[in-house]
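A.B. asks: A structural model of the following input is requested.
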Amino acid sequence: MKLYLAAAVLMLVLAVHTEAQEEPTLEQRFATFQTQVKEIADDLTEKTKTTFQQLDQSEFATKTKSWFSEQYEKMKQKMSETFQ
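C.D. replies: Residues are numbered from 1 along each chain as shown. Next comes the predicted model:
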């Protein structure tokens, strides 16, 4: 009977040890977290970059830039005529 008890305890110890190995360590959790944060940051960077490029190339932005350029040139011309 002692042999059966010893075998049962041994199986229990092996089962607990196996479960403990499957659970990630704190270091592994931090590494996984770091990887996830990096992926999110990279994705956000790409989306932001794409959005700014689309805004820069939009019709509204193009027209606004040309309007400001025209107004600046007109103002510059008037200033040069006034202060000659």
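A.B. asks: Is the residue nearest to the spatial centre of the chain part of a helix or strand, or is it coil?
C.D. replies: Centroid-nearest residue in the chain, with Cα atoms, centre = their mean: residue 41, separated by 1.3 Å. Following DSSP: H, G, I helix; E, B strand; the rest coil, we place residue 41 in the helix state.
A.B. asks: Before we move on, what's the pLDDT of it?
C.D. replies: Looking at residue 41, its pLDDT is 95.
A.B. asks: same thing with the one 3 residues further on?
C.D. replies: We have a pLDDT of 95 for residue 44.
A.B. asks: residue ranges of the strands in this protein, please?
C.D. replies: In the chain, no strands are defined using DSSP state E.
A.B. asks: any low-confidence regions in it?
C.D. replies: For the chain, the stretches with pLDDT under 70 are 1, 4, 17-22.
A.B. asks: One more pass at 90, please.
C.D. replies: 1-31, 56, 82-84 (pLDDT under 90).
A.B. asks: Need the phi and psi values for residue 83.
C.D. replies: Per-residue torsions, residue 83: phi -100, psi 30 (degrees, to the nearest 10).
A.B. asks: before we move on, what about residue 24?
C.D. replies: The phi/psi pair for residue 24 (degrees, to the nearest 10) is phi -70, psi 150.
A.B. asks: related to what we said a few turns ago, and the residue nearest to the centre of the chain, how far is that from residue 47?
C.D. replies: Distance, residue 41 to residue 47, using Cβ to Cβ, to the nearest Å: 11 Å. Where you see a C-beta, it was placed from the backbone N, CA and C, and this is true even at glycine.
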